[in-house]
Structure formats: C-alpha cells, structure tokens
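> Give me the fold of what follows.
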Amino acid sequence: MAAPSSGPHAETAEKTHSWWRVMCLTGLDYFSTLGYQPAIAALAAGLISPFATVVLVLLTLGGALPVYRRVAKESFRGSGSIAMLERLLPWWGGKLFVLVLLGFAATDFMITITLSAADASAHAIENPFAPAWFHGANVPITLVLITLLGGVFLIGFSEAIGVATVLVGTYLVLSAIVVVASIVHVFEHPVVVHDWWSALSASNGNPLMVVVVALLVFPKLALGLSGFETGVAVMPQIKGGRGDTPDRPVGRIRGAGRLLTTAAIIMSCFLLASSFTTTLLIPQKDFQSGGPANGRALAYIAHEYLGQGFGTVYDLSTIAILWFAGASAMAGLLNLVPRYLPRYGMAPQWARAIRPLVLVFTVIAYIVTLVFDANVDAQGGAYATGVLVLITSASVAVMLSALRKRQKGRMIAFAIISAVFVYTMIANVIERPDGVRIAGLFILGILTVSILSRVRRSFQLRATSVRLGLTAAGFVSEDAEEFGAIRIVSHQPDGDTADEYAKKSKDERRYAHIPHGSPIIFLEVLPSDSSDFEEDLEVVGVAKHGYRVLQVRSGNVPNTIAAVLLTIRDETGVVPEIYFQWNEGNPISNMFRFLITGTGEVAPVTREVLREAEHDPKRRPHVHVS
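Residues are numbered from 1 along each chain as shown. Okay, here's the model as predicted:
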C-alpha cells in the first residue's frame, strides 16, 4: 500500500539550469527591492542613509552570505534553514517551531506580493504619461496586479526562469545606467556633497556621532537583506556536476554558492551607489508619503536626469520586475505549504494542490492590501520582520550545526553573527511592531488551522507506504495458505519475557474465544516521534520465545495497526482479524493521549480508522476487543 507523501512542489525539478540563470529567478525578489529600498532607507534613516547602508552591506557580505552558504551545503533539497531546524529540534517542539517560522515566512512572502504590487502601482501612477484617473487609484491598481498574478498561476506557471532572466537582466542594466548617470551628476556638481555633509554635521554633531547613529538605525534598512532564503529554496533548479549524487550534490552546492555570492555582491554595489546618490540628489521632503520620490527613488532619478522617455522605459521595467517578484513569492508559498503542513497532518489534503492554494493566497493578498491601503512604507516593517526572523533562524541553525559537529571556531563566528541578527531583529520589532502583529496573525491562523486539521484527520490512514519484510510476509502467507485465516494479537512492547508472551496468548485465547489450535501472530508497534503524521512503515518479522511477532516502528499506534492490517489483506487475499484488550483510564484522557502521543484507546480508534478507509464491511479487517 502506498500513498503520495509530498505535494507537487516537493518533487525534483525535471529541468535544471545554470546557476546564473537561477540567480535571476531568486533575483526577482532580491534585486526588485531596488525599486523601493533606496526610498525606504532615506525615509527611515534620513541623511545618515549612506552610512547605515554601509553597515548593512558589511552585514550582508560578512553575515548573511556565509550563513546561507552553509545552509546550501546542509539543506540542498530546497527546504532551506527551516528544514535544518526541523532536524535539529525533533518531536513536537520541532514541529511547533517550524509552524512559527512558517508564519514568519508567510509574512515575508505575502508582504512581498502586496508590497511589490503596491510599489509597481506607485511607479505607474507617478509616470508623467499615466492617465489622470490613475492618481488616487493605488488600491484598485494593486488589486488588479494581484489578480493578474493569481491568474498566471491558475493558468499554469511555466518557463519562469526564461522570463526572469530577461526581466532581471534588463532591469539591472537600466538600473546601472541610472546609477552611473547619478554618480556622474554628483561629480559634475560637487556642491551637493558639501550641502549634504553640512546638513549631516549640523544635525548630528561630530563624525563619530554619525557612525554611532548609523549603527543604531541600520536595522531600518533590513529590506536589503531579502532574497537569501529564496536563494537556497531554488537550489533544486541548479544544474549539478557529473559526479553529483542525491546525497552529495557537490556541483549543485558549488553552483548555489556562486549564486549567493554573486547576487550579494551585485546587490551590495547597487545598495551603496543608490543610497549615496539618491540621498544627495533628492530633497528629503520628496521621500515623504505622497512625494514624487516616495517608493521610487531610482525612477525619480531616471526621469530627472535621463529624460521622460528613458524614465518611462525604466518605469515599465520596474513595474514588470516588481510584479514578477510577486510571482517568485507566490512560488515560495506554493513550495512551503505542501512541503510541511500536509506531512504534519496540519492541513487538508487539498493543500497539496496548486489552484486551491493560489485562490487562498490571492484572497489573503487582497485583505493585506486593503488593510495597508496599498502603502509601500506601511508594509516595510512587516516585510523586514519576516526577512530578519528567517535570517536569524538560519544563523542559529548553522551555529547549532557547527556546535554539533564540534567546529569551535565556526560555532563562535556564527554565534556572533546570530547575536548581530538578533539585535537587528529586536531593534526592527521595537521600531516597527506592526510586522510582529501581522506575523502573529499568520502564526495564529496557521496554528488554528493546523490543530483543527490534525484533529479532523486523526482517523485517516497515515502511512505513505507499508512494506512487509521477507520474514513478516512469510508469517502471514503461511497462515493464509494453511488455515485460510490470519489472527493478529496486538501486544504492547513493554515486556520481553517468555512469561509475558505466554500470558498474553493464554488470555486472548480465553477471553476472545480464539479457536484452539489456530495460530496467532503478535503485532507490536515500537514508539517513535508521535508528531510525525505521515510515515513510511517497515514491518519486520521476528521469533520471540517460540512466538511469531510482527514489529513496526511508528508514532501513531492505531493508524499504523490499521495500515498493516490492510496491507496484509491486500498481499494475502485474506481478511485478517485482530484482538485487543480494553485499556484502563478515562476515555476523554485516552483521546487526548492519542492526539498528542499516538497511543491511548487503541482498539476503538483502530476500528474507526479501518471503517473510514474501507467502506465494504466484508473486506474490512475484523476487530475483537475483550
């Protein structure tokens, strides 16, 4: 018996690509932040923005980059740092921690969709050739862009990398032209540097104070750290080397390292140049809400110094990459949800399908857009919170990994990086708590849906596959062929003595009226992680004290027993019978034990699982309780 265990996005990509082309796919999210990052930075840090950006770049190259290069080496199947923490924190603690991280990841990706669409709307509205009715229509235009995004995924999202390569390549070339033009203008008019420095000195005192303030305000610029988690999520798309194996894809890991490093260097150069030039050339009042540079600093420069024609081309390029960045975020959500929640039993089965999820995410994006009134600045805090929590969790994951492998030097280095990211995250949350509130709503929603779904699916078969070992198959086939009946006795593996098995056999034969001379087979479920919902089951046969015993390891006893019985029926053609003793204890407490630990009142739950799995009573394994 087998069942699918993973959603459509958990499969290995059929077609792989060069690392630089995959970089364009992740660059939809990362590089597109240039559309709004310089303006948000100037609004948050004011005249100190260039110095705060220097700190951000140092943290990018010296912190986030080494962290995610390590993540790429240890989590190369596209699960990112969340999978590392899942492995490091097993049982329910690990599952709950993953659910919380998924809430922040959902915040990151959902705000990417809505913020990018809102900024694309701002670029369209501020274009001098835009129709008059565009002005004041931020929300409707943003909703239309989100609807088009959802429509693309409902129709079918193919050849994303080809489109991403064109969009990212065009956007980076045009952005480079804008940045170079602005740098040239600064050199031709050095007075702007003098004016900026004078204003900076007047407001902040001596240069040392400027450095101190830059260190304090740089967390407000955390948007510039986005894209790293997406970079490791797309690793299955990277073409590997000839010697790559599923467990050791050296070429793919090397390509991911090049992707992360190149993207970080490109983005760092653009962040430094754009922050410096936009702060010098754009009046601070124009960055304010409603100002012509709000959410579109580089576009403002393009129109101001390269003409309306080039500015319009740049607007169109920016709108396209911002809209497609939402597609990248949507793909990230469609990858995360089927990968974790159904496997945990914490989402309905339809959560494995793409189209229902697209509709759900699109509706959520509508709600977020309406709540924030399609305002780019208002969504910056929530976006930065999601980004920083994911990067902080990644830095903690690699620190714990280095600790477990006894790599003292690397552990200390990653501990320092983790501390810096923790500070950055806390400072951002204190400054802009709306991000935590939004993430809290996502976490609450995920936990509520997860608990309800887990309870609702508690009587489902949970085994993704069941395989009878050679000896186990011999036990059941022997009884089927010689006696035409297979009688299984459920035995709790808490005693391994001859007296224990003899007493169990005697009691069951006496109280359950098993015919004298009819052979029995014991079935024991050895305990494992009860938080796992879906499992691959391996049934082994062993001889103990002259008795035949089937053993299987699982965290969910009744569901596992039901799956094994159905497999025995399918492989032998004989409907088996199973014998239980009633458990002691309150039935309500037993039910809670079943939901949490996978044990409790085994007999009635096994019967209910069988009833739901097999509707024909004649083909349903018989359950006897005495």
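
> Quick check: residue 476 vs residue 564, distance?
Counting by Cβ to Cβ, to the nearest Å, the gap from residue 476 to residue 564 is 10 Å. In this view, the C-beta of every residue, glycine as well, is placed from N, C-alpha and C.

> overlap in contacts of those two?
residue 550 (Cβ atoms under 8 Å, 6 or more residues apart in numbering).

> Tell me the pLDDT of residue 274.
The per-residue pLDDT reported for residue 274 equals 91.

> Near it, how many residues? Count them for me, please.
The tally of other residues near residue 274 (other Cβ atoms under 10 Å) stands at 26.

> right, and it touches residue 38 too?
Yes. Between residue 274 and residue 38 a contact is recorded at 4.4 Å, counting by Cβ atoms under 8 Å.

> Need the residues touching each of the two.
By Cβ under 8 Å, 6+ apart, residue 274 and residue 38 have these common neighbours: 297, 298.

> Got the phi and psi for residue 140?
Reported as degrees, to the nearest 10, the phi and psi values for residue 140 are phi -60, psi -40.

> quick check: longest helix of this protein.
Looking across the chain with DSSP state H, the single longest helix is helix 297-340.

> which strands and helices sit next to that helix?
Judged by 3 or more Cβ pairs under 8 Å, 6 or more residues apart in numbering; DSSP states H and E, helix 297-340 is in contact with helix 19-30, helix 37-45, helix 91-126, helix 138-155, helix 160-188, helix 228-233, helix 250-281, helix 354-372.

> okay if I get those as CSV plus distance to residue 71?
Output for the helices and strands packed on helix 297-340, formatted as CSV (distance: least, Cβ to Cβ, whole Å):
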stretch, distance to residue 71
helix 19-30, 13
helix 37-45, 23
helix 91-126, 13
helix 138-155, 27
helix 160-188, 21
helix 228-233, 5
helix 250-281, 9
helix 354-372, 25
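
> looking at those helices, which is closest to residue 540?
The closest of the helices and strands packed on helix 297-340 to residue 540 is helix 91-126. By Cβ to Cβ, the value is 23.7 Å.

> what's the angle from that closest one to helix 354-372?
Between helix 91-126 and helix 354-372, the angle comes out at 60 degrees (axes from the mean of the first three to the mean of the last three Cα atoms, to 10 degrees).

> in helix 91-126, what's buried?
94-95, 97-126 (16 or more other Cβ atoms under 10 Å).

> okay, the angle between the helix or strand where residue 426 lies and helix 37-45?
Residue 426 belongs to helix 408-431 when assigned by DSSP states H and E. Per the same axes, to 10 degrees, the angle that helix 408-431 makes with helix 37-45 is 70 degrees.

> other SSEs contacting helix 408-431?
helix 49-59, helix 65-74, helix 376-404, helix 434-456.

> What helices and strands are in contact with the third one?
Using 3+ Cβ pairs under 8 Å, 6+ apart as the contact definition, the elements that helix 376-404 packs against are helix 37-45, helix 65-74, helix 80-88, helix 91-126, helix 228-233, helix 354-372, helix 408-431, helix 434-456.

> Repeat that for the first one.
Helices and strands touching helix 49-59, as assessed by 3+ Cβ pairs under 8 Å, 6+ apart, comprise helix 37-45, helix 207-217, helix 250-281, helix 408-431.

> Can you lay out the ones you listed as JSON lines showing distance to residue 154?
Formatted as JSON lines, the helices and strands packed on helix 49-59 follow (distance: least, Cβ to Cβ, whole Å):
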{"stretch": "helix 37-45", "distance to residue 154": "30"}
{"stretch": "helix 207-217", "distance to residue 154": "42"}
{"stretch": "helix 250-281", "distance to residue 154": "29"}
{"stretch": "helix 408-431", "distance to residue 154": "35"}
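
> deepest of those, which one?
Among these, the stretch with the highest mean neighbour count (mean count of other Cβ atoms under 10 Å) is helix 37-45, at a mean of 28.

> Give me the contact list for that helix.
Applying Cβ under 8 Å, 6+ apart, the contact partners of helix 37-45 are 49, 52-53, 214, 217-218, 220-221, 223-224, 271, 274-275, 278-279, 282, 284, 287-288, 293-298, 376-377, 380.

> In PyMOL, how would I select the buried members of those residues?
Restricted to buried positions by 16+ other Cβ under 10 Å, the PyMOL selection for these reads:
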select buried, resi 49+52+53+214+217+218+220+221+223+224+271+274+275+278+279+282+287+293+294+295+296+297+298+376+377+380
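
> Let's check: the centremost residue of the protein is which one?
Most central in the chain under Cα atoms, centre = their mean is residue 336, positioned 4.1 Å from the mean C-alpha point.

> Could I get the pLDDT score of that residue?
Looking at residue 336, its pLDDT stands at 72.

> do the same with residue 588
56.

> Over to residue 306?
Residue 306 is assigned 93 on the pLDDT scale.

> for residue 182, same thing?
If you check residue 182, the pLDDT there is 93.

> what do you get for the one 4 residues further on?
Residue 186 carries a pLDDT value of 91.

> burial measure for it, as a count.
Neighbours of residue 186 using other Cβ under 10 Å come to 17.

> pretty sure it is in contact with residue 282, am I right?
No. Judged on Cβ under 8 Å, residue 186 makes no contact with residue 282 at a distance of 11.9 Å.

> Any idea which helix or strand in this protein has the lowest mean pLDDT?
Using mean pLDDT, DSSP states H and E, helix 587-597 stands out as the lowest-scoring helix or strand of the chain, at a mean of 53.

> So which bits of the helix or strand just after that one are buried?
Per DSSP H and E, the first helix or strand lying C-terminal to helix 587-597 is helix 602-613. The neighbour-count check on helix 602-613 (16+ other Cβ under 10 Å) flags 602, 603, 604, 605, 606, 607, 609, 610, 613 as buried.

> Count residues in the vicinity of the nearest residue to the fourth one once chain neighbours are set aside, would you?
When the adjacent residues along the chain are set aside, residue 605 lies closest to residue 558, with 3.8 Å between them (Cβ to Cβ, 6 or more residues apart in numbering). With neighbours defined by other Cβ under 10 Å, the count for residue 558 comes to 27.

> Residue 558 belongs to a helix?
Yes. Residue 558: assigned to a helix according to DSSP: H, G, I helix; E, B strand; the rest coil.

> Contacts only, for it.
594, 602, 603, 605, 606, 609.

> Can you give the distance from stretch 23-32 to the centre of its chain?
17 Å (Cα atoms, centre = their mean, to the nearest Å).

> same deal with stretch 57-69?
That offset, for stretch 57-69, works out to 20 Å (Cα atoms, centre = their mean).

> can you check stretch 492-509 too?
Taking Cα atoms, centre = their mean, one finds stretch 492-509 lying 47 Å from the centre of the chain it belongs to.

> Take the helices and strands packed on helix 408-431 and write them to TSV, including distance to residue 421.
Output for those, formatted as TSV (distance: least, Cβ to Cβ, whole Å):
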stretch	distance to residue 421
helix 49-59	8
helix 65-74	8
helix 376-404	4
helix 434-456	15
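
> will you turn these into TSV that also has mean pLDDT and distance to residue 147?
TSV is the format used below for the helices and strands packed on helix 408-431 (pLDDT from 0 to 100; distance: least, Cβ to Cβ, whole Å):
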stretch	mean pLDDT	distance to residue 147
helix 49-59	88	34
helix 65-74	92	33
helix 376-404	85	18
helix 434-456	75	21
